[in-house]
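Q: Okay, sequence plus prediction incoming.
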Amino acid sequence: MRTSLRPWIVALALAVTPPSAFAQSEAGPAAAKSSEIPHSDVEKAIARALTELKPGVSISDHLVSLSDIGKYNVAVAVVARPAGTSQSSLSHDKITEIYYILKGSATQVTGTMVNGTRQARVSTTIGPSMSSDAPLQNARTQKLSAGDVSVIPPGVGHMFTSIDAGGIQYLVFRVDGEHVLSMEPARAESRR
């Protein structure tokens, strides 16, 4: 997994980095800092996530890294979900999410959320969001499995309608243009 993951991470980083981040100012190169996440840290985060998936817990989502790039933050999270079905969708106000599926498979639906309800608590891992149990309009369904990538812009409703036996594990790259995310402790929860 380690060798095949690196090219995707580089490609994703280049895809979400605005051209201005590569520009040089009169004072020299941009002041953005690089950030590395060792494979061992990802493996530890996955192990932690899997131990948190107890009955009644539908997701374990923890930031592994949060880099302040200046105009925006880039967060990397590890997410684990158990097998099952759901009809609830989520839509993030401020962040773009890029999923890289590590293990497992699921059916993802994206589209326009209707009758959304604002989340009472603003999550430090996903920022302000809305949820809904109503079907998504203009829905697009795709099967995701290990090695697949899904890009979800702000305001796009998304959900896994079914997660196959064995659950699913994925990295999420969160592009945070308004600096709403933080490394405060998150928790495993029954979130959509």
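A: Sure thing, it's come through.
Q: distance of the residue nearest the centre of the chain from Ala165?
A: Among the residues of the chain, the one closest to the centroid is Val172, at 3.1 Å (CA atoms, centre = their mean). Taking CB to CB, to the nearest Å as the measure, Val172 and Ala165 are separated by 22 Å. In short, each C-beta sits where N, CA and C put it, glycine included.
Q: Same check on Val156?
A: Taken as CB to CB, the span from Val156 to Ala165 is 27 Å.
Q: returning to that earlier point: right, and the residue nearest to the centre of the chain touches Val76 too?
A: Yes - between Val172 and Val76 there is a contact under CB atoms under 8 Å: 7.3 Å.
Q: excluding its backbone neighbours, what's nearest the residue nearest to the centre of the chain?
A: Ala77 (4.4 Å; CB to CB, 6 or more residues apart in numbering).
Q: What lies in contact with the helix or strand hosting the one you found?
A: Assigned by DSSP states H and E, Ala77 belongs to strand 73-81. For strand 73-81, contacts defined as CB atoms under 8 Å, 6 or more residues apart in numbering pick out 13, 16, 35, 37, 42, 45-46, 48-50, 52-53, 58-67, 106, 125, 160, 163, 167-176, 179, 181.
Q: Filter these down to the buried ones.
A: 16, 42, 45-46, 49, 53, 58-67, 106, 125, 160, 163, 167-176, 181 (16 or more other CB atoms under 10 Å).
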